[in-house]
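>>> sequence and computational prediction follow.
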Amino acid sequence: MQNSTINQIIKLCIKGDEMAQMQLYDQYSKAMYQIACRYLGDEDAKDAMQEGFLKAFKKMSSYTSEFSFGAWLKRIIINQCIDVLKKRRLETSSFEEEKLEIIDDTSWSFDSTITKQMIIAAIETLNEKYKLVVKLYLMEGYDHEEISVILNIPRKTSRTHLRRAKLKLQEILKVKLHETGY
């Protein structure tokens, strides 16, 4: 759909037009479901996506075209998934202050024999707090400032979680390579 069409549909949604809401839902539900599945299991992802859409329709008047509608909706869906995880009593509290050397976050080099599927599988084995930060950083493209706001943690904690997750991923993938004979 073109931006002008999306903007017309959004205006109708703000007025409560259910047909327009269904059009937006049909347009974005598949992608938003895939995003929700990155954080939650199948049934929870469906529920979170539905709740996210309901929140989006209620907040539709606050949407500005500063960001694409898809990006705006994606943030709502991710926040809804995080709310579900928090309700499960996920602890995202910060560690005691530790001296930790911050490394270059952009350097995520892995052995060339490691596949994308191996990396995704390894991410799924991480502790929830590390998994969340890695997914928000690598898959969604958020920076540490945004992650700190989304998860309500200090920026330094976000960086620490990412660093520890990266080290753990390297360990996991090294074992996987050894098991497969590389």
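Now that the structure is in, tell me what you want to look at.

>>> the most centrally placed residue in the chain and Asp143, how far apart?
The chain has Leu136 as the residue nearest its centroid, 4.3 Å off, counting by C-alpha atoms, centre = their mean. According to C-beta to C-beta, to the nearest Å, Leu136 stands 9 Å off from Asp143. Yep, even glycine has a C-beta here, placed from its N, CA and C like the rest.

>>> show me where pLDDT drops low in the protein?
1, 89-113, 181-182 (pLDDT under 70).

>>> repeat the analysis, applying 90 as the threshold.
For the chain, applying pLDDT under 90 flags the ranges 1-7, 41-43, 64-68, 83-122, 127-129, 138-141, 148-152, 170-182.

>>> so which elements touch the lengthiest helix in the chain?
As assigned by DSSP state H, the longest helix anywhere in the chain is helix 155-180. In this structure, helix 155-180 makes packing contacts with helix 116-124, helix 128-134, helix 144-151, judged by 3 or more C-beta pairs under 8 Å, 6 or more residues apart in numbering; DSSP states H and E.

>>> and the nearest residue to Leu12 once chain neighbours are set aside, how many neighbours?
Distances taken as C-beta to C-beta, 6 or more residues apart in numbering put Ala20 closest to Leu12, at 3.5 Å, once the chain neighbours are dropped. A count of neighbours around Ala20, defined by other C-beta atoms under 10 Å, yields 19.

>>> ok, now which ones touch Ala20?
By C-beta atoms under 8 Å, 6 or more residues apart in numbering, the residues touching Ala20 are Ile9, Ile10, Leu12, Cys13.

>>> look up how far Phe69 lies from the first one.
Looking back up the chat, that one is Ile9. 9 Å.

>>> what residues are shared contacts of the two?
Leu24.

>>> quick check: phi and psi at Asp17.
When read as degrees, to the nearest 10, the backbone of Asp17 gives phi -70, psi 110.

>>> that one: neighbour count?
For Asp17, the tally of surrounding residues (other C-beta under 10 Å) stands at 13.

>>> again, but for the one 10 residues further on
The number of residues packed around Gln27, counting by other C-beta under 10 Å, is 17.

>>> name the element it belongs to?
Element membership of Gln27, judged by DSSP states H and E, is helix 18-37.

>>> the residue nearest to the centre of the chain is in contact with Ile150, isn't it?
Yes - assessed by C-beta atoms under 8 Å, Leu136 is found in contact with Ile150 at 6.5 Å.

>>> anything in contact with each of the two?
Common neighbours of Leu136 and Ile150 are listed as Ile78, Tyr142 (criterion: C-beta under 8 Å, 6+ apart).

>>> returning to what we had before: for the helix holding Gln27, buried residues please.
20-21, 23-25, 27-29, 32-33, 35-37 (16 or more other C-beta atoms under 10 Å).

>>> so what secondary structure elements neighbour the helix or strand that it is followed by?
Going down the chain from helix 18-37, the next helix or strand is helix 42-59, by DSSP H and E. Packed against helix 42-59 by the contact rule (3+ C-beta pairs under 8 Å, 6+ apart) you find helix 18-37, helix 69-87.
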